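>>> Compute the structure for the input listed below.
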Amino acid sequence: TWDLLVSLLRFAEALLEQAMIGPSPNPLILSYLKYSISSQMVSYSTVLTAISKFDDFSRDLCVQSLLEIMDMFCDRLSCHGKAEECIGLCRALMSALNWLLRCAAFYAEKVKETLEQAAAENQLKMCLERLEKMLGSTKNRALIHIAKLEETSSWSAVEQSLVKLGENLNSLSNSPLRSQAEDCISLIKSIPTMLSVHSEQLNKTGFPTVHAVVLLEGTMNLTGETQPLVEQLMMVKRMQRIPSPLFMLEIWKACFVGLIESPEGTEELKWAAFTFLKIPQVLVKLKKYPQGEKDFTEDVNCAFKFLLKLTPLLDKADHRCNCNCMSLLLQECGKQGLLSEANVTNLIAQRTADREHAPHLKSAENANIQPNPQLILRAEPTVTNILKTMDADHSKSPEGLLGVLGHMLSGKSLDLLLAAAAATGKLKSFARKFIKLNEFTKHINGESSKGASVRALLFDISFLMLCHVAQTYGSEMILSESSPTGEVPFFETWMLTCMPEEGKILNPDHPCFRPDSTKVESLVALLNNSSEMKLVQMKWHEACLSISAAILEILNAWENGVLTFESIQKITDNIKGKVCSMVVCAVAWLVAHVRMLGLDEREKSLQMIRQLATPLYGENTLQFYSERVVIMSSILEHMCADVLQQTATQIKFPSMGMDTIPYWNLLPPKKPIKEVLMSVFTKVLEKGWVDSRSIHIFDNLLHMGGVYWFCNNLVKELLKETRKEHTLRAVELLYAIFCLDMQQLTLTLLGHILPNLLTDSSKWHTLMDPPGKALAKLSVWCALSSYSSHNKGQASARQKKRHREDIEDYISLFPLDDTQPSKLMRLLSSNEEDSNILSSPSK
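Residues are numbered from 1 along each chain as shown. Got it, this is the predicted structure:
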């Protein structure tokens, strides 16, 4: 064995020696060496030892090649064989560390030379990046610690190199490089004390899967039905054998974390609705499942007692929401029969007493600001009343109905009502009522000027509300079942064909943007010649469909010099003077149009968007103009976000001073998505739980990279873990992340990634315990969840929108009818004990 090691070392050294003859490396011989490393003909230790013998740092290209070779394996160092080979890897790693320090010291000194400064800084940056990568792994530092104990003389050489690097840093003017080098130095200095420091203790966060499933549902699926969430939570509870009180405690913890970290505006209202309206309903359904001997209300009471001990969490939530959240939640649970009256009273008294010891909460609470949780609880019965009002005959009292809609538009009333409707499953019927109202405005009988303005306002408000619902909660909330007459409502037609959405590219030359030419000509004439838009006998749905073609005519006339900028201002003032919905339709087409133009052709189109987005505050505007403008601006900002980013254009939309597009543009612009995925997953693993921001980043990466890329790279991250507790935590978190699209990710895992790992003998070593066992557990959990939810036909709107990538595998794993054999069913039926996991609640 020793002779073999020596011969391999000589082989690696010989290849390197030959490759490094001359000022730049020989690419052919380097490719032989890289192939030898990839095919495991030479061990990592022999390559590291060979690299550490190169000392002509003045040959920049050679040093760069050696650093690139180190990149091939330094993040996954391992060796297979006898003890001396393992010790050899430790020694080689310490030699490589010393080589990197010498290299960094050389370039830090070279930075002083003015002519060489830029090149030297670049080389120093490369060296420090490799040092950071090598030392960032606790495992690597532990291997170096073993080598230090084995060979104190070699460690002395490392210390000397450290001193030299430290001396050369003093003259370094580049502060980011200096701080990077100082971080590396401090990490190296901490290696001798590794055993005395109890490092890398996992954060004890309870049950991260439950936490993540609740956060994911609250952040991305408020409109989803409660039953699928209940079944998913019950499956996690059974798979992980979580006691009922701790299970419910984790649900409440996730809710409070969501309340605390939600962005201001619509998102915080959604979280209040989810916590105070939807989760109590989820617990009511959980109560129907068999719970064992203990009474369910006792488990709920016990969970709240545990929650009361988490004072910092409750205090932070109270501070954010400006009220006693626990008290409101307990009262709601009491109403739903989840707690006895005596328990509610006792728990509220305990929380009130705890708050007395925190005077900063009282002083921070603003009596002038109504707390969102209280507003949401009040909004819920209001939703029911509005639905009843909307059922009345609109023709009998349109003015009365307009008054109701006006109140809905004021302040944040609309978002409160929509959040309450979404959390209680009434949003779809809410949208249907507004579709019906929008259709009602098509009917024109002999009308007065007052009747015409009321009709225009009913059309405009219903149109804006429907756009807002589609953008905030998804267009599937608007879509209806096909009507018996086969007629599709105007708004549905417009939304499907003309409304820009994330991931939807519109063709500006599509027939939907080219209606009857005579209607377009009359609209252009009306916009160009009139002092203001007429209302009587105006068919608003036709105007909205014709505006795109009219804008094209106007834009062409402007670009060809037929119209002046003053004429354009007059036309845009006409468009936005009465109804905001025409502005929305015009900008929707302009967004599609700008996407198709070259960089030098976009100026006038973007200028027109800017003109249309600027409100027109005059005497002749219709009622509720400022309220309608706020909703219109939010709609336009959503529509234009992508195209403004692509064209590096800024347009100021009037808003209420809050983030109207939360979780937008989360990915770093110049960082490869694989690096983003790895860094976010590493942070999540260190914290021990997934936060809302990370969930959105994972969702963006899943959309961008695709199901196979996403699943494959996360499985690679799991297989890197070598400690049992870390692999278990990784599986718990990965299962929760896979809930973004459980069925597709399971199909990819079982149909592609596992077979690749099992049939490639070079990858078998990665499947050793603990990571291999962890991957098996993840596969079983995902298979169980996917089979159960597929059988019940459950898929959230988020999952339905994603493209099905592996349709053949999908059908074979989950057949479309019960007569076809299912691969998953055969897999699961081999274990009779698992059948009760899929059981339904007791009736």
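>>> what about Leu606, how many residues close to it?
19 (other Cβ atoms under 10 Å). The C-beta positions use only the backbone N, C-alpha and C, and glycine is treated the same way.
>>> try Asn122
The tally of other residues near Asn122 (other Cβ under 10 Å) stands at 12.
>>> gap between the helix or strand harbouring it and the chain center?
Taking DSSP states H and E as the criterion, Asn122 maps to helix 117-135. The chain centroid and the centroid of helix 117-135 are separated by 32 Å under Cα atoms, centre = their mean, to the nearest Å.
>>> ok, Lys539 - contacts?
Applying Cβ atoms under 8 Å, 6 or more residues apart in numbering to Lys539 gives the contacts 442, 444.
>>> quick one: it from Pro312, how far?
Separation of Lys539 from Pro312 (Cβ to Cβ, to the nearest Å) stands at 59 Å.
>>> all helices of the stretch 301-450 of the chain, in order?
In the stretch 301-450 of the chain, helices defined by DSSP state H, counting those that start in this stretch lie at 311-321, 325-335, 341-356, 359-364, 372-390, 398-409, 413-423, 427-440, 449-473, listed in chain order.
>>> Out of those, which is closest to Leu143?
Proximity to Leu143, assessed across the helices of the stretch 301-450 of the chain by Cβ to Cβ, is greatest for helix 311-321 (38.5 Å).
>>> got a list of contacts for the closest one?
Contacts for helix 311-321 (Cβ under 8 Å, 6+ apart): 253, 256-257, 259-260, 272, 307-308, 324-326, 351, 354-355, 358, 361, 364, 371-373.
>>> tell me the mean pLDDT for it?
Averaging pLDDT along helix 311-321 gives 89.
>>> What residues of it count as buried?
Using 16 or more other Cβ atoms under 10 Å as the test for burial, helix 311-321 gives 313-321.
>>> Closest to Met608 out of these?
Distance to Met608, by Cβ to Cβ, is smallest for Arg320 among the buried residues of helix 311-321, at 40.9 Å.
>>> as a whole number, average confidence for the helix or strand hosting Leu246?
Leu246 is located in helix 244-261, with elements delineated by DSSP H and E. Taken as a whole, helix 244-261 has an average pLDDT of 92.
>>> likewise stretch 45-55?
Mean per-residue pLDDT for stretch 45-55: 84.
>>> and what of stretch 376-393?
Regarding stretch 376-393, the rounded mean pLDDT is 87.
>>> For the remainder of this discussion, apply numbering that starts at 55.
Will do, 55 is the new start, and the previous item becomes stretch 430-447.
>>> Now list the buried members of the contacts of helix 365-375.
Buried members of these, scored by 16+ other Cβ under 10 Å, are 307, 310-311, 313-314, 326, 361, 378-380, 405, 408-409, 412, 415, 425-427.
>>> Other residues contacting stretch 821-836?
In this structure, residues lying in contact with stretch 821-836 by Cβ under 8 Å, 6+ apart are 293, 769, 772-778, 781-782, 784-785, 788-789, 792, 796, 799-800, 803-804, 808, 811-812, 820.
>>> Now go through the residues you listed and say which are in strands.
Judged by DSSP state E, the contacts of stretch 821-836 include no members of strands.
>>> if you count residues, which helix in the protein comes out on top?
Looking across the chain with DSSP state H, the single longest helix is helix 137-164.
>>> quick revisit: wait, which of the helices of the stretch 355-504 of the chain is closest to Thr547?
It's helix 481-494; of the helices of the stretch 355-504 of the chain, that one is closest to Thr547 (Cβ to Cβ) at 11.0 Å.
>>> what about the closest one, average pLDDT?
The pLDDT scores in helix 481-494 average 90.
>>> quick one on the thing from earlier: PyMOL command to pick out the buried ones of the contacts of stretch 821-836?
PyMOL command restricting the contacts of stretch 821-836 to the buried ones, with burial defined by 16+ other Cβ under 10 Å:
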select buried, resi 293+769+772+773+774+775+781+782+784+785+788+789+792+796+799+800+803+804+808+811+820
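>>> Which secondary structure elements does the helix holding Leu300 sit against?
In terms of contacts (3 or more Cβ pairs under 8 Å, 6 or more residues apart in numbering; DSSP states H and E), helix 298-315 is packed against helix 262-274, helix 280-293, helix 320-327, helix 333-340, helix 350-362, helix 365-375, helix 379-389, helix 746-759.
>>> looking at those, which is buried most?
Mean neighbour count (mean count of other Cβ atoms under 10 Å) peaks for helix 320-327 among the helices and strands packed on helix 298-315, with a mean of 27.
>>> got the domain boundaries for this protein?
Split into domains by the TED database, the chain comes to 55-247, 262-411, 457-545, 565-701, 727-845.
>>> These into CSV, with extra columns for distance to Pro554?
Formatted as CSV, the domains of the chain follow (distance: least, Cβ to Cβ, whole Å):
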stretch, distance to Pro554
domain 55-247, 40
domain 262-411, 19
domain 457-545, 10
domain 565-701, 5
domain 727-845, 17
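>>> Any idea which of the ones you listed gets closest to Thr551?
That would be domain 565-701 among the domains of the chain, by Cβ to Cβ, at 3.9 Å.
>>> can you tell me which residue is nearest the centre of this structure?
The centroid of the chain falls nearest to His750 when counting by Cα atoms, centre = their mean (0.7 Å).
>>> which one is that residue nearest to, not counting chain neighbours?
Tyr717 (4.1 Å; Cβ to Cβ, 6 or more residues apart in numbering).
>>> list the contacts for that neighbour?
Contact analysis of Tyr717 by Cβ under 8 Å, 6+ apart lists 317, 321, 746-747, 750.
>>> which one among the residues you listed gets closest to Val268?
Closest to Val268 out of those is Ser746 (10.9 Å), distances taken as Cβ to Cβ.
>>> From Cys309, how far out is the closest one?
Ser746 is 12 Å from Cys309, by Cβ to Cβ.
>>> shared neighbours of the two, anything?
With Cβ under 8 Å, 6+ apart as the test, Ser746 and Cys309 both reach Gly272.
>>> who's in contact with Thr320?
469, 473, 526, 714, 716.
>>> which of the residues you listed has the most neighbours?
Within the contacts of Thr320, most neighbours by other Cβ under 10 Å means Ala473, with 31 neighbours.
>>> Report the separation between it and Met686.
Taken as Cβ to Cβ, the span from Ala473 to Met686 is 20 Å.
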